[in-house]
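# structure, please.
(one chain, ligands or ions: 1)
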Amino acid sequence: MGSRSDWPTMRHAANTLEALGIPFEARVVSAHRTPLRMVEYAHAARGRGLAAIIAGAGGAAHLPGMVAALTPVPVLGVPVESAALKGVDSLHSIVQMPGGVPVATFAIGKAGAINAALFAAAMLAVTDKAIEARLDAWRRAQTDNVPDLPEDLPT
Ligand code: RP5
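Numbers count the residues shown, from 1 in each chain. Model prediction:
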């Protein structure tokens, strides 16, 4: 993520990966404030065996696109909600990549962070039966937990 201030959003991705038993690391890497850290992180990603990079950033959210420019590892972009423009700036910064440098872009905020983690899990599940089983179980539990009434009614 681009800043510690993104963690309240990005922890939802971390929590989801944890629930699915998928190992991950969480790092602050800013495209603007620590550009060399970003270059080093992205250059090392493939060699370190990272299967995907979930990159969350807000405002002028250049982190996902720049990381995607620097590594062939799939980059999943999460637009963090910004104070001034509610994350529409983040979304536009992340989604509108030029042809040739893909970033899979998710919803603004918490939903996007959760879905980026689920999407990464789905990619891994293609070749990992254990993750496939845990993702299936997670989805079943989600379905089972949706009540069919809007509130508890007196019996
Ligand atoms: C972006 O600027 C970060 O991803 C963050 O969403 C935003 C604001 O950062 P802070 O000023 O809160 O550190 O680079």
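# and the protein, which residues reach the ligand?
Gly2, Ser3, Ser5, Asp6, Ser30, His32, Ala57, Gly58, Gly59, Val80 (C-beta under 6 Å from any ligand atom). In short, each C-beta sits where N, CA and C put it, glycine included.
# show me the contacts for the residue lying closest to the first one once chain neighbours are set aside.
Ranked by C-beta to C-beta, 6 or more residues apart in numbering and with sequence neighbours excluded, the top spatial neighbour of Gly2 is Ala57, at 3.7 Å. Shown here is Ala57, whose contacts under the criterion C-beta atoms under 8 Å, 6 or more residues apart in numbering are 1-3, 6, 31, 63-64, 77-80, 90, 93-94.
# swap the cut-off to 7 Å and go again
Met1, Gly2, Asp6, Leu63, Pro64, Val80, Ser90 (C-beta atoms under 7 Å, 6 or more residues apart in numbering).
# for this protein, which segments count as strands?
With strands called from DSSP state E, the chain shows them at 53-58, 75-80, 104-105.
# out of these, deepest packed?
Greatest average neighbour count among the strands of the chain goes to strand 75-80 (a mean of 29), per mean count of other C-beta atoms under 10 Å.
# just send the strands of the chain back as a markdown table, with distance to Ile131 and mean pLDDT too.
Formatted as a markdown table, those follow (distance: least, C-beta to C-beta, whole Å; pLDDT from 0 to 100):
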| stretch | distance to Ile131 | mean pLDDT |
| --- | --- | --- |
| strand 53-58 | 16 | 98 |
| strand 75-80 | 16 | 99 |
| strand 104-105 | 18 | 98 |
